[in-house]
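In: Just need the structure, nothing else, for what follows:
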Amino acid sequence: MGIAGNLSPHQLQSFQSQGFLVLESFASPEEVDSLRKRMDQLLDEFDFSTTASIFSTKNQQRTTDNYFYDSVEKVSFFFEERAFDGDGNLKQPKQLSINKVGHALHEIDPVFKNFSYSEKLSSLLLSLDYKRPVIIQSMYIFKQPGIGGEVVPHQDNSFLYTEPTTCTGLWLALEDATLINGCLWAIPGSHKNGLLRRFIRDDEGVHFDRPSPSYDQKDFVPIEVKAGSLVAIHGDCIHQSFENQSSKSRHAYSLHVIDTIGCQWAPENWIRRKVDPKPLYVS
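Out: Numbering: from 1, shown residues only. Below you'll find the model as predicted:
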């Protein structure tokens, strides 16, 4: 049975203690199937001859361009770093070369919008005490077989900073996520240590305001989940994923939510919208 979204006291306590929470069977098989089929259609329609933007979590300064900046209110496509050969040609079909699609699927595409603005998602955020939540970005992440890149340890509040901090990541597995194909890993309780650094946009482009801390990999625990499971991640929780070393992809739909009551969106964040996002509800 899937949950309605309202968290039990035990689930809330677990989220507050660990910094993340797995909600099994959050999305039905039919919902998972509809999101995957819709992305298949979007990829079929995508003409990559007009752009070849590459996404990297290791060197965002180098790869950030106007296509990336403009994606905040569009449906944009980003390739894996290893998708192209030395001559700039794709090594394999585009369907197996895309890193992610973002960052406004939840606003623009009706299928993704239907899930993103569902009652059960709002009920979950209400349980987490959001007053006027907005989805600030959405991403369909592919983690392609063989070339699906590593996502280095990070905190979501670094990129989506409000004062005070309010970001929560909502990561929906659209395929089983395993140790071999690049599941999430997190450091339990790391959110209690606060935000360690910020990702700033200024006249020079984008950059972190301080170097990355060093992490002990023994502190991370894997979060292996079945398709349809949702992982809620506190904005200060340190998490990562490794390269996909398998022959199977690891599709996921990721949303990041912030509150808009009692906090302020930082103007130096990379996301600079022309139109304010629509709230999921007002409590």
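
In: Scan the helices and strands of the chain for the one with the lowest mean pLDDT.
Out: helix 60-63 (a mean of 47; mean pLDDT, DSSP states H and E).

In: Quick check: what element follows that one along the chain?
Out: Of the helices and strands lying after helix 60-63 in sequence (DSSP states H and E), the nearest is helix 66-70.

In: Check which helices and strands the helix or strand following that following helix is in contact with.
Out: Once the chain leaves helix 66-70, the next helix or strand it forms, by DSSP H and E, is strand 75-79. Here strand 75-79 is seen to pack against helix 66-70, strand 98-103 when contacts are counted using 3 or more C-beta pairs under 8 Å, 6 or more residues apart in numbering; DSSP states H and E. Using the backbone N, CA and C atoms, a C-beta is placed for each residue, glycine as well.

In: Just the element for the most far-flung residue of the chain relative to its centre, please.
Out: For the chain, the largest distance from the centre (C-alpha atoms, centre = their mean) belongs to residue 87, which lies 30.8 Å off. Following DSSP H and E, one finds residue 87 outside all helices and strands.

In: Could you pull out the strands in the stretch 151-283 of the chain for me?
Out: Secondary structure of the stretch 151-283 of the chain (DSSP state E, counting those that start in this stretch): strands at 151-154, 162-163, 168-173, 184-186, 199-202, 205-208, 221-223, 230-234, 239-241, 252-259, 264-265.

In: between the ones you listed, which gets nearest to residue 214?
Out: Comparing the strands of the stretch 151-283 of the chain against residue 214 with C-beta to C-beta, the closest turns out to be strand 151-154 (9.5 Å).

In: quick one: low-confidence parts of the stretch 1-150 of the chain?
Out: Scanning the stretch 1-150 of the chain for pLDDT under 70 picks out 1-5, 50-64.

In: which helix of the protein spans the most residues?
Out: Of all segments of type helix in the chain, defined using DSSP state H, the longest is helix 29-45.

In: With just CA atoms, put that helix into PDB.
Out: What follows is the C-alpha trace of helix 29-45 in PDB, where atoms were taken according to Å, rounded to 0.1, in the frame of the first residue of the first chain:
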ATOM      1  CA  PRO A  29       3.400   1.500 -10.900                       C
ATOM      2  CA  GLU A  30       1.000   3.400 -13.200                       C
ATOM      3  CA  GLU A  31       2.400   6.800 -12.100                       C
ATOM      4  CA  VAL A  32       6.000   5.500 -12.600                       C
ATOM      5  CA  ASP A  33       5.100   4.200 -16.000                       C
ATOM      6  CA  SER A  34       3.500   7.400 -17.100                       C
ATOM      7  CA  LEU A  35       6.500   9.500 -16.100                       C
ATOM      8  CA  ARG A  36       8.900   7.200 -17.900                       C
ATOM      9  CA  LYS A  37       6.800   7.000 -21.100                       C
ATOM     10  CA  ARG A  38       6.400  10.800 -21.200                       C
ATOM     11  CA  MET A  39      10.200  11.200 -20.900                       C
ATOM     12  CA  ASP A  40      10.600   8.800 -23.800                       C
ATOM     13  CA  GLN A  41       8.400  11.000 -25.900                       C
ATOM     14  CA  LEU A  42      10.300  14.200 -24.900                       C
ATOM     15  CA  LEU A  43      13.600  12.600 -25.800                       C
ATOM     16  CA  ASP A  44      12.300  11.400 -29.100                       C
ATOM     17  CA  GLU A  45      11.200  15.000 -29.900                       C
END
